[in-house]
Each structure stands twice: as structure tokens, then as C-alpha cells.
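> Could you work out the structure for the sequence below:
(chains A and B)
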Amino acid sequence: MSDTPVPAAPSSAAAPKSMDAIMALCKRRGFVFQASDIYGGINGFWDYGPLGAQLKKNLRDAWWQDMVMNPAWGRKGPGGERVRCVPLETCIIQHPKVWEASGHLAGFADPMRKCPGCGHFVRADQYWDTIAQWSEWFNSLLQEYEPSVEGTQHPRINAERLFKWARGKGKRAAPNLALVRTPEVVLSFVAERIASQPASPPDLKEMTQYFGTAQPGATGLQQPCPRCGAPLGEPAPFKLMFETYAGLTQSEDNRVYLRPETAQGVFLHFKNVVDSTRVRVPFGIGNTGRSFRNEITPRNLTYRSREFEQAELEFFCHPDESMAWYTFWRDFRMDWWKSLGLAGENLILREHAKDELSHYSMGTSDVEYRFPFTAPGFGELEGIAHRGCYDLTQHQTHSKVKLDYFDTTRGETLPNGGKKGERYMPHCIEPAAGLDRGALALICEGYTVDPSRPSPEILKLHPRVAPIKAAVFPLMDKDGMPEVAEKLTDDLFAKFGKSGFIESDAKQSIGKRYARMDEAGCPFCFTIDGDTLKDQTVTVRDRDTGKQERIGIDKVSGYLGERLG
RNA sequence: GCGGGCGUAGCUCAGUGGUAGAGCAUCACGUUGCCAACGUGAGGGUCGAGGGUUCAAGUCCCUUCGCCCGCUCCA
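You can find the predicted model right below:
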């Protein structure tokens, strides 16, 4: 160690963490590997190494514990009652009609049109909306039109102004637009069109297509790219759901889909759960599992991958209470992520604007984390959506099975003191978390470079999720210390092995062993030294501060138990 | 899908057509004994993959795969 003064570590806001350094650590220490690595990798798929697998399992277990087994840490719901949830585990492949009912099939099969000029994708069914709202050149060109003849949709054109636009502004805004490339030719086709059918002049849409077409006789009218003006290619369905076949033949009849979200499996069993479990609305059903989306652009390690794991709760309640439950879960989910170490300004709750909501949603919030690759912006960790009664209603309609609920605690009071009951379609609040994104956020948040320490890279994982719970080191590999260390290791394994590794290492210098544990995110190291043999005490070293204290060897498991949460 | 950058040891990277390299890490032995100590040694590479040019390719050309960044997409 040098004696030269070390400058204070820059604050996290001033120096964004290096994603490259985080990725190197992930691979070096076995958190994340590229899937099919030795075959060159496969785009959009990532595997977890030993530490990553355990980190993610700890995150999943924490979710399971805090959302299903002891929901919301025992917080009372809006009505003052205990929150009730039950677990469920549903298949990745479900009946294909499920995705028809949920809207995923239609939504996912949207034909996309690709621009050969700039590679831009446009949804075929939203072409005119897109061009009117987003296209710079279109809106610039629009200003060159004369006002339309009163009472018609047909703008009048002024060939001279359009020509000037094509030679000037158009060149920059829409370099590939036919009108810009060959204005004389295009304008002559337009003049021809107007002269041939004076009774029905071209409207704005037709005119726009003329401007995007170099040879209408040869190609027919084409639709120009909203970005660069080149004629868009043929619509092709862009399927965001993975497909396969269940059965002997690869026929249309046997086509099935890998689920793009776990939630639908839960809705399908709403009635089964009510009928088989003594639950009453309000209650929740929790489900974790893999989902699949054929993302166009997988990016940023596990942040957007094509196979990922969700942890979703579908919480069913009476429509009148739904907003209160929405608020309840939204606030709890934020607190939950904070409790795992994502405290501070890197975590925000973002309420969606009205125009951002799905047509059925009465409110949606995202828990968002400032990842190094999104900074200064944020990336979604979890969405908490008020889905109304949309899903149950959809499945009721498509399956023709009644999914409404008869609530015997509501309705008029009967003469005998009971309630008449009320039949209604429950509303659903859905906190849906991405476990891979969560694990990645924990790694990014924990990753710390402290140049003042001899081992600058530290992974400050919360003890509850840390894959290595503790390390036991004999200071020297002799004089009876290894034997004491081995006994303590066995003891800690028995007590804490279910939630993480207990490391033990006698090789190399103590500093090197501490440093290795810092980088792997191990929160506590217990060191057996010469004094241990005399007075039965060990030193505890804290990962985040490097500070040490001395405790009795018989107090170690209690000490650890308190802090692992 | 487009544009740009990159791909050489576990990690970070050098290598300017002519013998495959360094630091760190890993392992062994010795020394040391509370913060990546020191010494000596060892293992580890189809230079992402395939093809081409050349007497000769990590290096030049083509194709392809993957990662990163910017667009784009994200029901």
C-alpha cells in the first residue's frame, strides 16, 4: 500500500458506473455467462453462473416470502385486514386460444413494414398516424400545400412551391423521397393524375403516396418511409411470440406459443383457486416463471433478453376497493425494492400518464432503476398495473365459462342477519416484476469502486440476497486454526446453507482472501487467529467498511442470523 | 433491421504480412502472517467462426456469429 493521499471517491452521480467493468466482473466471478458461449453465443439469451444463480434464487425467494407467504410483511390492507395470497405454478405453453383472448396474438402479429433506405420499422396499421405525428419531412411538406377547397378533404397543390421544397428543405428531411430525388418526374405524374380525373382530385393520403413513388406505372403507388421517404417494403408479420408445435405433425392445428407473460395462466385458474382454497376476494395469486418474447433488439446484458423470468402477483378485489389496493401494492413494491438495497435516488416510482395507459387500465406505475446504460434515464424493474376486469372478462367471453365471483360478504342484510351477496367481476391489481432485471439492478447498485481500498472493486449486495453469506478464514494454515475454521464452517453451513454459500479458504494472504470476497459480494468474513485458540473469539470483518470487531465464536451464527434478514 | 465500434489466455489488453505476448487471476513449492505481500516455477490459445489473397495471415479481402453504443421496437 502506498502512502500517497488518495482522492476521495467520486459520488455515484458524478461518475456513472462502467457497464463494461460490471460485465467483466459478472463473468469473472461467475454471475452471468453468455448462453451457448462456446458456440459463439446466441443473441438475447444469458445464463447464470454459480453466484448469479444463487443471487437470483435469493431474490425469487425474497419475493415469494414477502408477496405470497407473508404478503407485504404483514401490513394490513386498505380495509384493515390481513392480506391473503396463495401461490400457483402454471405452464409456459397454454391453449393457443389463451393468447387470442388476452390480445397477445393480435398485438404480436402486427404486420411491420421495413424501410429499405434507413432500416426503420413501421407498424402497417399505424402508418398514417405515424407519419402525421412523427414524420419531420411530412409535416414540413404539409406547409407547402394550399388550404383545401372548402367542404372537401382535397388540398390544392402549387407545383412551384413543392419543387422548391424538394430542392431545399426536402433534401435534408427526406433524402430518399421520390419527390426529392426526381421532382420533375413526380410532379408530372401528379399533374397527369389531376388532369385525368378533375372531378375527384387526390386527397392528402393519395398525394403523399404519389410523392413517394418514382414510377407509379411500374410499381403502383407506394407509401414513403416516415423517416427518410424511401418506399416501404411489403408488410410482414413481426411475431413477438415464439411458436412451436405440440403433437406429431407440424401443422397449423398443432401450433402453440411460448407465453410472453405468466399472468394469463393465473387468470385461467382464478375459479379453480377460489373453488379449491378457502380464499375470498380480496386475495392474490402469485406465480413466478419463465416468459419469452422475441425482442427485436435484445440489449444490455440480461436487461432485455428473449427468455426471462417474471414474478407476478394478480390481486383480485372488488371494483370499489380497486384503487385503494392499487395504491397499496404500488407503495409496498417500492418499499420492497428499497429493502433489498436499491435505496436512494437510483430508484424511482413513475406513474404513467393517462395517454400512456392501456385502454383497459385505470392506472399503472413503474418501479424504475437508473442502470448505468440508461443513465441519466431509468429502466423498468417492475410494473404495477390496475387491469380492471379486462382479463377475466376476456377469458369469460372466449372460453364461455363464467368467471365472475359471488361475494357473500356484500349486499343487503337479510332478516336472519346474513348478507344477500353480490355478484361481480373482480378487478385485478398486477405487480409484475422482472427477476433478471432485479438481479441486474442489485449487481449494478452494489458494484462500487473505492480507490482508497487496496482492493477497489466491491459488490455491496444486501446480505439477504448475497449468494455467499459468509466466509471463514484461518489466519494461518497451521497451529490448529484450520481445524477451528472447519468446525465453524460446518456449523454455519448447517444453519445458513439453505440460503447461500459459506466459503472457507486457507490459501494465500488474508488480504487477498478478503478482496476475493469483496468482489463476490460476501458481506461478512470470520477470521480465526492465534487469540481464538486462547479466548474463543474471532474477528468479524464487514465488507462495506472493512472494519473489524471481535466476537465470541459461539456468537457467530447468532450474529450472522440477525443480519441475513 | 440500419449505422458506428469491438472480438487475441479466466479478466484487462499489446501485437503496423514473417517464432503467440504482457499484467492481473489460477495452481504448486518456499517465505510471511489481518487487508489484492514476496520469490521460484507450472498450467492455460483451433487469435470468435468459415472462405479467399499470399511463399507466409492474429494482421489484408469477403461472408457469418456474438458483444457494446446510437437509431428502431418494447402489446
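
> which residues touch A:Ala191?
A:Ala159 (Cβ atoms under 8 Å, 6 or more residues apart in numbering). For the C-beta atoms, the positions are set from N, CA and C on the backbone; glycine is no exception.

> I believe it is in a helix; please confirm or correct that.
Yes - per DSSP: H, G, I helix; E, B strand; the rest coil, A:Ala191 lies within a helix segment.

> separation between it and RNA strand B?
A:Ala191 is 34 Å from RNA strand B, where distance means Cβ to the nearest atom of the strand, to the nearest Å.

> can you check A:Val186 too?
Distance from A:Val186 to RNA strand B, by Cβ to the nearest atom of the strand: 25 Å.

> which SS state does that residue fall under?
Strictly by three-state DSSP, A:Val186 counts as helix.

> Quick check: nearest residue in space to it, chain neighbours excluded?
A:Leu179 (4.7 Å; Cβ to Cβ, 6 or more residues apart in numbering).

> where does that neighbour land on pLDDT?
The model reports A:Leu179 with a pLDDT of 85.

> next one: the helix or strand hosting it to chain centre, how far?
Using DSSP states H and E, A:Leu179 falls within helix A:178-181. Centroid separation for helix A:178-181 versus its chain: 42 Å, with Cα atoms, centre = their mean, to the nearest Å.

> what's it in contact with?
Here helix A:178-181 has contacts from A:141, A:162, A:166, A:170-171, A:174, A:185-187, A:211-214, A:224, A:229, A:231, using Cβ under 8 Å, 6+ apart.

> Which strand residues bridge A:Lys419?
Counting by DSSP bridges, A:Lys419 is bridged to A:Thr413.

> How about the contacts made by it?
Counted by Cβ under 8 Å, 6+ apart, A:Lys419 has contacts A:408-413.

> circling back: can I get the helix holding A:Leu179 in CSV, CA atoms only?
C-alpha atoms of helix A:178-181 as CSV (Å, rounded to 0.1, in the frame of the first residue of the first chain):
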residue,chain,number,x,y,z
ALA,A,178,-39.2,10.3,-54.8
LEU,A,179,-40.3,13.9,-54.9
VAL,A,180,-36.9,14.9,-53.7
ARG,A,181,-34.9,12.7,-56.0
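
> thinking again about what came up before, tell me which of the contacts of helix A:178-181 fall in helices.
A:141, A:162, A:166, A:170-171, A:185-187, A:211 (DSSP state H).

> Using neighbour counts, give me the buried entries of the residues you listed.
Neighbour-count burial (16 or more other Cβ atoms under 10 Å) applied to these gives A:141, A:162, A:166, A:170, A:186-187, A:211.

> from these, which is closest to A:Asp436?
A:Leu141 (44.4 Å; Cβ to Cβ).

> That closest one contacts A:Phe163, doesn't it?
No - using Cβ atoms under 8 Å, A:Leu141 is not in contact with A:Phe163; the gap is 12.0 Å.

> if I've got this straight, A:Asp316 is in a helix?
Careful, residue A:316 is Phe and not Asp. No - counting by three-state DSSP, A:Phe316 is not found in a helix; it is strand.

> can you pull up the bridge partners for it?
Bridge pairing for A:Phe316 - DSSP bridges - gives A:Phe283, A:Cys428.

> where's it relative to A:Val274, distance?
9 Å (Cβ to Cβ, to the nearest Å).

> Tell me which of these two has more neighbours.
A:Phe316 (26 against 19; other Cβ atoms under 10 Å).

> residues contacting the more buried one?
Counting by Cβ under 8 Å, 6+ apart, A:Phe316 has contacts A:270, A:281-285, A:405, A:426-428.

> Among the ones in helices among the contacts of helix A:178-181, which pair sits farthest apart?
The widest separation within the ones in helices among the contacts of helix A:178-181 (Cβ to Cβ) is 17.0 Å, between A:Leu141 and A:Val185.

> what ranges do the helices span in the stretch 1-150 of chain A?
According to DSSP state H, counting those that start in this stretch, the stretch 1-150 of chain A carries its helices in the segments A:19-28, A:50-63, A:96-102, A:104-108, A:127-134, A:136-142.
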